[in-house]
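[1] for reference, the sequence and a predicted model appear below.
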Amino acid sequence: MSLLEKNTSSIDVDNLVTSNDIGGRKASGIPLNIILCVAFLWALFQVWIASPFPYMMDSDLLRWNSNQARSIHLAFAIFIVFLSFPFSAKSSVKKIPLVDWLLAISASLSALYYLIEYDNISTRVGAPILQDIIVACIGIPLLFEAARRSLGITLPLIATVFLGYNFFGNYMPEMIAHKGFGLQEVVNHQWITTEGVFGIALGVSTDFVFLFVLFGSLLDKAGAGNYFIKLAFSCLGHFRGGPAKAAVVASGLTGLISGSSIANVVTTGTFTIPMMKKVGFSAEKAGAVEVAASVNGQIMPPVMGAAAFLMVEYVGISYLEVIKHAFLPALISYIGLVYIVHLEAIKANMQGLPKSARAVSASAVSKVTGFLFGFLMLCATSAAVYFGLGWIKQIAGDNSIYVVSGLVISSFFGLLYAGCKLPKLSDDIDQDLSALPPPGEIFRSGLYYLLPVVVLVWCLMIERLSPGLSAFWASLLTMFMIVTKPVLETLFRQEERDLDEADKQASLPLFSGLKSLADGMISGARNMASISIATATAGVIVGVVSQTSVGAVLADVVEVLSFGNITLMLLLVAVLCMILGMGLPTTANYIVVSSLMANVIVEVGASNGLVVPLIAVHLFVFYFGLMADVTPPVGLASFAAAAVSGGKPIQTGIIAFKYALRTAVLPFLFIFNPDLLLINVTVLHGIFIFIIATLAMLIFTAATQGYFFDRCKLWERGVLLLIAFSIFRPDFWINQMVEPHRYMELNEYLAQEEQIPVGTPLRIHVEEDSYSGEKDISIRMLIAREQGSASEVIAASGLNLYQADELIEVDSVDIGSDAYEAGFEAFQVLVGVDVANKQPSTVFVYLPCVLLIVLIALSQRKTQRQRQKKREGLAA
């Protein structure tokens, strides 16, 4: 690539990132300073409300509850969006017109109205006054305009259609008709209460998402992003297709803290895509690998593009549970992508980057010894930290926070001092990455970057703090690191600066650290503005769903179109999720697809015998909503990667979609086999599931790529696909031999005294009225939490029954109980239960699969040897 091409590409990428993340407007002077000051104040506000400090004050002056904070949060976001994003592509990008200033102020005041009138609104719930209606009629259109500018036309258009459905439901076709709502009812629901714009989605954005986006931005300013990328390249760059493997790992690490597929593509792709092209990947394939890896970053805990926090609210489980359930599929998907890259490299006979002289000089024995020593030291350090902190808390009591803080800061000083004894990592994107130091050296040089992540994980998993408070403490440590790192590095490295007198003040280490901190906070706030607008706009759709019967209507429509076939129903939902997710950022994407489609799977599945845990349903729609970021013609991440690689966007998207098939198959698997989500499994069972599922993913990947140990014949690809399916779903074949359940009348089942083991699922048939008014049978599932008879297990679940003759009805359901979460309601009629049959072991499926894998491998090896002998004969 010539220097001119490189500069042009760099400019295009910068423009793409700027226009997508912080707006295409390039203001300067006083307008720019106002935007930056507002962004910095927003970040300060969010850090303040996430901290414990407001609750230590006697005054209520700087203390707001969650609902009030949402109003301030939206006011900041909408003000920044109107000043940062021009009206259209033809608008001036250097000047902010007067009309945009007026729109920004009007929109902010409309958002603040909920805060200003908070006490008065609480006294007139359900009865908005004229003033409320006027403000809402100004606020909602301005919110949609802000969404159009920052996110494109898709989301505001969908929200407008749903709002129209809210008003004119009585004019709709019979199947989707409802009584329709007047202006007063819609305004009250959407703007005055917390059911619409100021609902759960904006609340999650305010309480959790901002802090995690800010945390990621601060870590990047500290240098962690550069560290992760260089570490990945140093570890994997010299293998076959190494840069692509490094891109996958680097994108995964970046995705841990990133909330945007496009930002992830550009952040890591700037480094990785040129290196992939250097070892033989085409521009389109290099971009596709980066797209597949970056979009997968959104399914990787702990952030998951902010969807993890929304799932907490929508599914009703803890944040740790969401992380536990989402981790294994995400990890398996990344392993599958690494294998895809490996197969592509083998097919094209690619090589990796050359090793550095220091890496080559290290012997195999020293590498193994160093790895084992490092692993043992990590285990010893982890044990010392875990047990040491426990003792400190016992001894220091309430003062343990100060002792622990001192230890963390001391660890930062020590790790930074050790890192300064090694060569400094360059942050130059044009650096020759093949000359990087050995992995161990890079790993030690930036160990201190892991401290904030360790603090975050510790607070979440050990201390069991809320996600917001955990992110606050991790962000606070990162802020301290950013400010002190330049000073300490100068001291530890004993650097001497040869600068002009005019530059000395600007280059002072402390000034540099404070500037980086301010830049990180401003960058985090500006990146967050469009996400906040997305959650608020998507809240309108959520409000329509809660106010009308559109969820039940969609369930009926999908059931009719799928003819009651479960697999066809899931395929329809998957396609609808991809259509609904086109052009939407991750957070809004999840809100829309979960609001509209999650209930469809639950309702249609239950009426056809498929009872699925709610978290599996939400992960299903989330995965396919994200596929829209990859899928042409709208795949925004593919366009971003093409801008970096210089390839064709549509072709990049097609190849990325092919690579993403391994991710697309996972949701179907954990719908039919929730064990993949580690639901009610033991540790040993979880390890077994991971090994089996990973093997199945590798076989599926080999089949779709057409290469295992050698190029696959058509029949070999078919057999490999069959093997992958059988390993993923052994129950399919087992069920053909022995039915999984037998139906029993509930009266008969309750009369027996047989003890039900802990963890046994009870599939109870419920008779209820369908949307059409006819009687329908659906299935609700309860899990036995303790051993006992059927009556005892049902009573322990919170389900209280009333029996009259042959009729068994639900008398009442305990609020918050398992029965309540399963969807049981008073006056439902219970007619029967599915009793599990004893089935053969899945080993009878796994053994033939392993045998077939071995046979295909031996066959392909034999073909390879014959080809090699033929080559040698020709050469002779």
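    Sure thing, it's come through.
[2] please make it C-alpha for all contacts and neighbour counts, starting now.
    Noted.
[3] show me where the chain has its strands.
    Using DSSP state E, the strands of the chain run over residues 741-745, 761-769, 775-783, 799-804, 807-813, 829-836.
[4] mean pLDDT and distance to residue 598 for the ones you listed - can I get that in a markdown table?
    A markdown table is the format used below for those (pLDDT from 0 to 100; distance: least, C-alpha to C-alpha, whole Å):
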| stretch | mean pLDDT | distance to residue 598 |
| --- | --- | --- |
| strand 741-745 | 84 | 26 |
| strand 761-769 | 80 | 20 |
| strand 775-783 | 78 | 16 |
| strand 799-804 | 82 | 25 |
| strand 807-813 | 85 | 23 |
| strand 829-836 | 83 | 24 |
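[5] nearest to residue 173, out of those?
    Comparison of the strands of the chain against residue 173 by C-alpha to C-alpha identifies strand 761-769 as nearest, at 21.2 Å.
[6] what's the angle from the closest one to strand 829-836?
    150 degrees (axes from the mean of the first three to the mean of the last three C-alpha atoms, to 10 degrees).
[7] rewinding a little: adding mean neighbour count, write the strands of the chain out as CSV.
    Below are the strands of the chain laid out as CSV (neighbours: other C-alpha atoms under 10 Å):
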stretch, mean neighbour count
strand 741-745, 14
strand 761-769, 19
strand 775-783, 20
strand 799-804, 15
strand 807-813, 17
strand 829-836, 20
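[8] adding distance to residue 130, write those out as a markdown table.
    Shown next, in a markdown table, are the strands of the chain (distance: least, C-alpha to C-alpha, whole Å):
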| stretch | distance to residue 130 |
| --- | --- |
| strand 741-745 | 58 |
| strand 761-769 | 40 |
| strand 775-783 | 44 |
| strand 799-804 | 46 |
| strand 807-813 | 41 |
| strand 829-836 | 46 |
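[9] what's the closest of those to residue 471?
    It's strand 775-783; of the strands of the chain, that one is closest to residue 471 (C-alpha to C-alpha) at 33.9 Å.
[10] spell out which strands sit alongside the closest one in the sheet and which way each one runs.
    strand 761-769 (antiparallel) (DSSP bridges).
[11] excluding chain neighbours, give the residue nearest to residue 181 in space.
    Distance criterion C-alpha to C-alpha, 6 or more residues apart in numbering; nearest residue to residue 181, sequence neighbours excluded, is residue 167 at 5.1 Å.
[12] what's the local residue count around that neighbour?
    Residue 167 has 18 neighbouring residues, counting by other C-alpha atoms under 10 Å.
[13] measure residue 351 to residue 867 for me?
    Using C-alpha to C-alpha, to the nearest Å, residue 351 is found at 21 Å from residue 867.
[14] what's around residue 683, how many residues?
    Applying other C-alpha under 10 Å, we find 10 residues neighbouring residue 683.
[15] same question, residue 597
    Neighbour tally, residue 597, other C-alpha under 10 Å: 24.
[16] what sits against it?
    By C-alpha atoms under 8 Å, 6 or more residues apart in numbering, residue 597 lies in contact with 551, 554, 573, 577, 621.
[17] so which of the residues you listed sits lowest on pLDDT?
    Within the contacts of residue 597, residue 551 has the lowest pLDDT, namely 71.
[18] any residues touching stretch 186-194, and which ones?
    The contact list for stretch 186-194 (C-alpha under 8 Å, 6+ apart) reads 67, 114, 121, 125-128, 132-133, 136-137, 140, 166-167, 195-200, 540, 543, 547.
[19] at 6 Å what do you get?
    Contact partners of stretch 186-194, identified using C-alpha atoms under 6 Å, 6 or more residues apart in numbering, comprise 136, 195, 196, 197.
[20] domains of this protein?
    Split into domains by automatic domain parsing, the chain comes to 1-400+528-675, 681-731+842-876, 750-836.
[21] quick check: which of those is buried the most?
    Comparing those by mean neighbour count (mean count of other C-alpha atoms under 10 Å), domain 1-400+528-675 ranks first with a mean of 21.
[22] from the chain's centre, how far out does the helix of greatest length in the chain sit?
    In the chain, assigned by DSSP state H, the helix with the most residues is helix 509-547. On the basis of C-alpha atoms, centre = their mean, to the nearest Å, helix 509-547 sits 16 Å off its chain's mean C-alpha point.
[23] try stretch 281-297
    18 Å.
[24] can I get the CA coordinates of that stretch in PDB?
    Provided in PDB are the C-alpha atoms of stretch 281-297 (Å, rounded to 0.1, in the frame of the first residue of the first chain):
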ATOM      1  CA  PHE A 281      -5.300 -13.200   3.400                       C
ATOM      2  CA  SER A 282      -7.300 -11.300   0.800                       C
ATOM      3  CA  ALA A 283      -8.700  -7.900   1.800                       C
ATOM      4  CA  GLU A 284     -12.200  -9.400   2.000                       C
ATOM      5  CA  LYS A 285     -11.200 -12.400   4.100                       C
ATOM      6  CA  ALA A 286      -9.000 -10.200   6.400                       C
ATOM      7  CA  GLY A 287     -11.900  -7.900   7.000                       C
ATOM      8  CA  ALA A 288     -14.400 -10.800   7.500                       C
ATOM      9  CA  VAL A 289     -12.200 -12.400  10.200                       C
ATOM     10  CA  GLU A 290     -12.100  -9.100  12.000                       C
ATOM     11  CA  VAL A 291     -15.900  -8.600  11.700                       C
ATOM     12  CA  ALA A 292     -16.600 -12.100  13.000                       C
ATOM     13  CA  ALA A 293     -14.200 -11.700  15.900                       C
ATOM     14  CA  SER A 294     -15.400  -8.200  16.800                       C
ATOM     15  CA  VAL A 295     -19.200  -9.000  16.600                       C
ATOM     16  CA  ASN A 296     -18.500 -12.000  18.800                       C
ATOM     17  CA  GLY A 297     -17.000  -9.600  21.300                       C
END
